[in-house]
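coords below, sequence missing:
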């Protein structure tokens, strides 16, 4: 079955929201992250992590990431099933995070999937509920190649200039 132009546009809008979510946690941009979730959204990041509201999840994650030196989240293998003004999606996520622990640099790698339920309200797709399924993770010592200072986790990051002040 071939998608209509409207279905393609809806799938693209959902995909962009997934990208915005990753950007929000990497730039520690709580308002951007909250804009991906409906006001009444819920989120379940598993039994060892956050369970509560979508907006609360962003606050929790960004606060936890403050203690890290760097992090990068990517989504891939995005599948979206549309049903009029509702949708379901599965997106694979790879998160790479750097911390310092006992004077040593450590690299945390997480492979997971965002299993989201969406609705389109007032013409905008946002998450109603997210289940984050962690498939596996690891931590190991790391030797950095360089010290990178250009990337920042705030609006001073070059991406804000490239994308415009209003995101």
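Received it, and whenever you're ready, just let me know what you need. Source: prediction; values computed, not measured.

hmm, who's touching the helix or strand containing residue 16?
Assigned by DSSP states H and E, residue 16 belongs to helix 5-27. Residues outside helix 5-27 that contact it (C-beta atoms under 8 Å, 6 or more residues apart in numbering): 3, 29-30, 32-33, 35-36, 58, 61-62, 65, 71-75, 78, 80, 82, 87, 89, 91, 93, 114, 116, 118, 120, 124-127, 153-155, 157, 159-160, 167. (C-beta placed from N, C-alpha, C; glycine too.)

and if you look at stretch 96-112?
By C-beta under 8 Å, 6+ apart, the residues outside stretch 96-112 that reach it are 65, 67-72, 92-95, 132-144.

The same query, at a cut-off of 10 Å, please.
With contact meaning C-beta atoms under 10 Å, 6 or more residues apart in numbering, stretch 96-112 is reached by 45-46, 64-65, 67-74, 91-95, 132-144.

Pull out the buried residues from that stretch.
97, 99, 106, 107, 108, 110, 112 (16 or more other C-beta atoms under 10 Å).

So which of the residues you listed sit within strands?
Among these, DSSP state E puts 97, 99, 106, 107, 108, 110, 112 in strands.

Can you select the buried ones among the contacts of stretch 96-112 for me in ChimeraX?
Here is the ChimeraX command that picks out the buried ones among those, judged by 16+ other C-beta under 10 Å:
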select :45,65,71,73,91,92,93,95,132
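
buried ones in the helix or strand of the chain with the lowest mean pLDDT?
Ranking every helix and strand in the chain by mean pLDDT, DSSP states H and E puts helix 158-163 at the bottom, with a mean of 80. Buried residues in helix 158-163, counting neighbours by 16+ other C-beta under 10 Å, are found at residue 160.
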